[in-house]
Each structure stands twice: as C-alpha cells, then as structure tokens.
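Asker: below are the sequence and a predicted model for it; my questions follow.
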Amino acid sequence: MQIFTTKESLMPLLNRVGGVVERRQTLPVLGNLLISATAQTIEVVGTDLEVEVRSRIAADVESPGEITVPARKLIDIWRALPEGGEVSFRVEKERAVIRSGRSRFALSTLPARDFPLMEGAGGDLRIELGQRQLKSMLDRTAFAMAHQDVRYYLNGLLLEVHDDRVVAVATDGHRLAKVEEEVAAQVATVRQAILPRKTVIELSRLLGGADVPIQIDLSDKGFRAIVEETVLTSKLVDGRYPDYGRVIPLGSDRVAHVSREGLRQALLRTSILSNEKYKGVRLEFGAGNLRVQAHNPEQDEAEEEVEIDYRGEPAALGFNVGYLLDVLGVLGTDEVHIAFSDSNSSALVSGSEGGREVFVVMPLRL
C-alpha cells in the first residue's frame, strides 16, 4: 500500500474522524484508524463501537490496500509536518512509514481485518435538512444534556420527528432546552430517537455553517448522518425519554422583558461572589427594575440592577447562575422574555421572537 498526498489535503479528514477515538481503549485496535486506499480515493474510519465516523478524499494512490495505525500518533505527526510539501504514506513490513522532505516516521500497525466496523443504520425514515439548520439546533440544546447521570437516557439528546418539523430536546433535570425547525419529514406518526452525548458532540463538529443539505437515516436502534463525503453512524440510547411537555410551564402570568446582554453582564459580575458550590443568585423583579444579588458563606455580597419591562406583582426567585448564563449564551435575540408564576416556580426563558426555542430553568432555594 502506498499513497501520495499533502498535509493540507489529509489533515481536515483526520480531524473529522480522529475525534471519535478514545485515548483509553479496552481493545488496542480501537485506538487505531482504519485507512483504506482504493483507486484514487483514501477513506479513513474511526470508532469506539458506539459511534463510527468515516470520511474520504481523492488522492494519488500508487498501490491500493488497507491498514490500521495509531490515531493520536498519526494525527500529531501529520499536524507537525511542514506546510505545502508532498507526503508519502507506505506500508512496509507491517509498519506504516511516513515521509515528507527530510522527515521520516515509522508507526506500528494492526491488521485491517481486526478493525470492528459498525453496520449501517438501515433506517426506515430519511429526512433532509440544512447543515446550518441542524447545527443551530444542536448548539442551542446540547448544553442541557446530563453528564454521567444514572438516568442514562438524560445523557443524550432527544430528536423528535413530526410530519412538518424536527424537535431537539435536552435536559438534566435542572434545566431544559427545546428547539424546533420546520422540515418536511412526512411521517405517519411521531418518531423519537435519543442520540448519545458523544454522537451529538461529534455531529456538531462535522457540521459547517453552509446550507448544504445533510441526510439523516433513522431506524429503531441506529442513526446515520451523511454530511458530504463524511458518514457518522451511531447506536441510539435504549430507553424512553420523559414527557418533556409536562415540565414546560404554560400560561405564566408574570412576564419580564430584559436586554439579553445587559442581564448576562449583570449575572457575570454578581456571580463572582456567589456560593462556589451552589452558584446561586437571587433575582428580584419589580416595576421597571430587576435586582440581581449574590452572597457566599464568607459574607461577601454583590448586587446589581438592570432595567426591565415588568408590570406584575413583585417577586423574588433563586437560580443557579450557570444555568441562566448557558441559556443567555445560546439565545440569538437582543431581548429576552422571562415568564414565571410565583417565587417557587420554574422560569420559562425565550427570545423575543418566541415559539421556536424555549428554555426552562428550575428554581433554587437560597
């Protein structure tokens, strides 16, 4: 096996595929990338048995073949190669030899036959949407996924396909993010799929800001996304996602309108003196004014006032400041709506445009 390429040609492909490979593996071959050269194409595959990413590019292939090489070492070597020069990749006596200019590297290999490939999703449902559209959905919801929660289904993101729209939902039990986009899916009944946390992260990395369509295939246990010359295949989380609609407060009679950036800056400053463990802040809503307060066991205090449009009864609510900042960080509007019923209720946060994105933050007792 021998191929000729350049650093600039192969580096983006290695970056797309290498992220799925874990540094610690139970099987040595899982720390490797599968490299296949056929005709005028190079295909690279990485997997952790739950998620698989494969991508290909055109290349000058001297002799076809396939082999697996250590992922991290290969990526680090390729990143360190000089710019603009031709690179030779050749398999010699069960070693992968990389040459560029006066540099030479020899890596140990494992047989391609030992590399575990995932079966295709074989989906019975196929939808198409723009890369920018899907990336925006993931970016505005992924922050709310749980991390290593015993309720394993919360450690992922719910993708819900309706006849005319796709809904993305994530929650860790303390906050919830829900975003929907119009898509002509044409399904007879609503379909749900829980994407693992790692799948969401890797898929978001693959998506660009272009409006190039992405194809998604869903089956009962599998998910596949085709992004130009890259294919991501993943298992789904086996479980039933909770009824998220029950925790979204509707009909709240107290609504405040506030500048997103003004509130974000006030929260950032007051959070400096919040309790390091609970990160609690107190929001006091009054006519035309929002007072943000924080204190800690050392008796330090911080207070700031923000101008708001609020005509309800005065109320005070406590929140984890990190949860609020996460929401404000993904909202794309200049004005924010905060709706609640009383001092013990969760808050519904949305942009001034409303409708397509809603965020719920549970209260914190201070």
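Answerer: Nice, I can see it. Bear in mind that the values here come from a model prediction, so they are computed numbers and not experimental data.

Asker: for S36, list each beta-bridge partner.
Answerer: On the basis of DSSP bridges, S36 is bridged to E43, E66.

Asker: that one touches E43, doesn't it?
Answerer: Yes: between S36 and E43 there is a contact under Cβ atoms under 8 Å: 4.7 Å. Heads up, the C-betas are built off the backbone N, CA and C, glycines and all.

Asker: doesn't P12 lie inside a helix?
Answerer: Yes: under DSSP: H, G, I helix; E, B strand; the rest coil, P12 sits within a helix.

Asker: so what's it scoring on pLDDT?
Answerer: Per-residue pLDDT puts P12 at 93.

Asker: could you do E119 as well?
Answerer: 80.

Asker: next, it: secondary structure please.
Answerer: E119 - assigned by three-state DSSP - is coil.

Asker: contacts only, for it.
Answerer: Applying Cβ atoms under 8 Å, 6 or more residues apart in numbering, we find E119 in contact with G222.

Asker: how near is it to R191?
Answerer: 20 Å (Cβ to Cβ, to the nearest Å).

Asker: same thing with G329?
Answerer: Counting by Cβ to Cβ, the gap between G329 and R191 amounts to 30 Å.

Asker: comparing these two, which residue is more hemmed in?
Answerer: For G329 versus R191, neighbours defined as other Cβ atoms under 10 Å are more numerous around R191 (17 against 12).

Asker: which residues does the nearest residue to the more buried one once chain neighbours are set aside bridge with?
Answerer: Nearest non-adjacent residue to R191, counting by Cβ to Cβ, 6 or more residues apart in numbering: V161, 4.4 Å away. According to DSSP bridges, the residues that bridge with V161 are V166, R191.

Asker: which residues are in contact with V161?
Answerer: V161 touches 125, 127, 167, 183, 185, 187, 190-193, 218, counting by Cβ under 8 Å, 6+ apart.

Asker: so how far is V53 from the nearest residue to E128 once chain neighbours are set aside?
Answerer: The shortest distance from E128 to any non-neighbouring residue, by Cβ to Cβ, 6+ apart, is to P213 (4.8 Å). Look at P213 and V53: by Cβ to Cβ, they are 19 Å apart.

Asker: which of the two has more neighbours?
Answerer: V53 (28 against 16).

Asker: what's near enough to touch the more buried one?
Answerer: 16-17, 19-20, 45-47, 202, 206, 230-233 are the contacts of V53 under Cβ under 8 Å, 6+ apart.

Asker: one more: Q133?
Answerer: 181, 183, 211.

Asker: so which of these wins on neighbours?
Answerer: Highest neighbour count within these: V183, with 20 neighbours (other Cβ under 10 Å).

Asker: show me the contacts for that one.
Answerer: By Cβ under 8 Å, 6+ apart, the contact list for V183 reads 127-129, 133, 161, 164-166.

Asker: so V179 sits in a helix?
Answerer: No: looking at V179 with three-state DSSP, it is strand, so not inside a helix.

Asker: tell me the buried residues in stretch 309-322?
Answerer: 310, 312, 315, 317-322 (16 or more other Cβ atoms under 10 Å).

Asker: show me which of those is closest to V336.
Answerer: Of all those, Y310 has the smallest distance to V336: 12.1 Å, by Cβ to Cβ.

Asker: that closest one touches E284, doesn't it?
Answerer: No: with contacts counted by Cβ under 8 Å, Y310 stays clear of E284, the gap being 10.6 Å.

Asker: overlap of the contact sets of these two?
Answerer: Common neighbours of Y310 and E284 (criterion: Cβ under 8 Å, 6+ apart): L290.

Asker: out of the contacts of V183, which end up buried?
Answerer: Buried subset of these (neighbour count, 16+ other Cβ under 10 Å): 127, 129, 133, 161, 166.

Asker: now the two most distant members of these.
Answerer: Checking these with Cβ to Cβ, the most distant pair is Q133 and V161, at 13.8 Å.

Asker: wait, what's in contact with the closest residue to V306 other than its chain neighbours?
Answerer: Among residues not flanking V306 along the chain, L290 sits closest, at 4.5 Å (Cβ to Cβ, 6+ apart). Each residue near L290 by Cβ under 8 Å, 6+ apart is listed here: 256, 258, 263, 283-284, 305-308, 310.

Asker: for those residues, which one is nearest V29?
Answerer: Ranked by distance to V29 (Cβ to Cβ), the contacts of L290 are led by L263 at 50.4 Å.

Asker: all strands for the stretch 51-200 of the chain, in order.
Answerer: 51-58, 60-63, 65-70, 86-92, 95-100, 103-108, 125-130, 156-161, 165-171, 175-182, 191-196 (DSSP state E, counting those that start in this stretch).

Asker: include mean pLDDT when you put those strands into TSV, please.
Answerer: Listed next are the strands of the stretch 51-200 of the chain as TSV, based on pLDDT from 0 to 100:
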stretch	mean pLDDT
strand 51-58	95
strand 60-63	91
strand 65-70	96
strand 86-92	94
strand 95-100	96
strand 103-108	96
strand 125-130	91
strand 156-161	97
strand 165-171	96
strand 175-182	95
strand 191-196	96
